[in-house]
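Trainee: Test case, fold it:
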Amino acid sequence: MSNSNLSLIPKDWPNRNLSTSILVNHIQWHVQIHRHLDPEAKTILLIHGAGASSHSWENILPNLMQEFTVIAPDLPGHGFTTGYDQNLLKIDDIAFDLHLLIEELGIPSPNIFIGHSAGANICLALSLLCESEPDLLIGMNPALVPPPNAYKIFLGPLINPIATSSFMAHFLASTLRLSGAIDKILDSTNSELTSLQRSRYKTLFSESNHINSALSFVAAIDIPKLLKQSSKIHSHLAFVLAKQDSWIQIASVKSVIKEYYPKALIYEEEGGHLFHEANPLRALEIIHTTIQNVYFDIKVSN
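Mentor: Okay, the predicted model is just below:
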């Protein structure tokens with residue numbers, strides 16, 4: 001295990017004290033880890049969405065670590081994870097590399113997966129690779145439907161071979177913050193973020209590698225392929241859908257969930273695409289309630 005790239009992380013980055021760096025299959029992962037002292041404690045894996053990083057769980061992770069072992073990586077090319085292959089940013093590729101990472105960490109297969117947006121898609125794909133499927137998978141505003149108009153207006157023009165080139169990524173990194181485009185993108189999520197939360201995204205999108213990876217990852221999402229595998233997933237499933245999410249519109253995604261994951265529990269909540277960041281207390285309440293429904297003998301702290 002190596003901490004070679006931790007110097008890149010700002011001193012005030014959320015949960016930085018839990019950060020470590022580990023090289024697996026040519027990827028230098030940034031992972032935030034809490035290993036619970038109780039060897040019988042369940043393990044939770046947190047997967048952020050495209051364009052975010054482990055900071056997305058800023059107010060979620062500290063609560064969960066009271067009762068669980070928690071793993072929260074930056075996805076390849078996102079945040080402070082480096083050394084990825086730009087052509088291997090498809091859901092299945094990322095799920096495969098995450099599987100290798102978890103094995104290298106020496107932690108048993110996580111019992112609970114929690115993913116946001118495209119991170120929920122990765123959780124679904126990863127569950128099929130694990131020797132033991134997770135007992136529970138929670139998807140928050142899962143990216144199970146094509147992007148709507150609001151998404152296309154802001155990011156659609158960028159998702160093409162020119163935009164995902166290194167040259168364009170450098171250009172965007174130098175202009176997005178100055179143009180106010182990052183604030184406009186965050187506004188389009190209909191999530192009430194604080195100025196500090198917004199600043200985290202501005203830090204991330206000042207790096208061309210992060211932009212390049214986020215756009216390439218989004219461009220490579222294959223929803224039909226993922227849904228075709230839905231019958232192979234036997235985990236308990238729960239999905240949190242935000243009513244004001246203009247990126248993953250509730251009516252469309254609820255219809256898909258009912259068709260492909262008919263046994264899934266659905267929570268419909270007030271809020272936008274970054275619901276778990278803007279409403280962490282309610283998100284935690286949902287997580288704890290859902291966990292207790294699966295593990296009747298677990299008591300969790302709200």
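Trainee: Show the average pLDDT along stretch 7-15.
Mentor: Stretch 7-15 shows a mean pLDDT of 93 in the predicted model.
Trainee: wait, I meant stretch 223-236
Mentor: Regarding stretch 223-236, the rounded mean pLDDT is 95.
Trainee: Ser56 contacts Gln32, doesn't it?
Mentor: No. With contact defined as CB atoms under 8 Å, Ser56 does not reach Gln32; the gap is 10.8 Å. C-betas here are computed from N, CA, C, even on glycine.
Trainee: Looking at the two, which is more packed in?
Mentor: Taking other CB atoms under 10 Å, Ser56 and Gln32 do not tie; Ser56 has more neighbours (28 against 24).
Trainee: Skip ahead from the host helix or strand of His210 and say which helix or strand is next.
Mentor: Secondary structure from DSSP states H and E places His210 in helix 208-220. Heading C-terminal from helix 208-220, the first helix or strand you meet, by DSSP H and E, is helix 223-228.
Trainee: Flag the shaky bits of this structure, pLDDT-wise.
Mentor: For the chain, the stretches with pLDDT under 70 are 1-5, 88, 147-179, 297-302.
Trainee: residue closest to the middle of it?
Mentor: Nearest to the geometric centre of the chain sits His48, at 1.4 Å (CA atoms, centre = their mean).
Trainee: Now do the nearest residue to that residue once chain neighbours are set aside against His273, distance only.
Mentor: Among residues not flanking His48 along the chain, Ser56 sits closest, at 4.2 Å (CB to CB, 6 or more residues apart in numbering). Between Ser56 and His273 the computed distance is 11 Å (CB to CB, to the nearest Å).
Trainee: Same question for Leu6.
Mentor: Leu6 is 29 Å from His273, by CB to CB.
Trainee: What are the boundaries of the strands in the stretch 1-150 of the chain?
Mentor: For the stretch 1-150 of the chain, the strands defined by DSSP state E, counting those that start in this stretch cover 19-24, 27-34, 43-47, 69-73, 112-116, 136-140.
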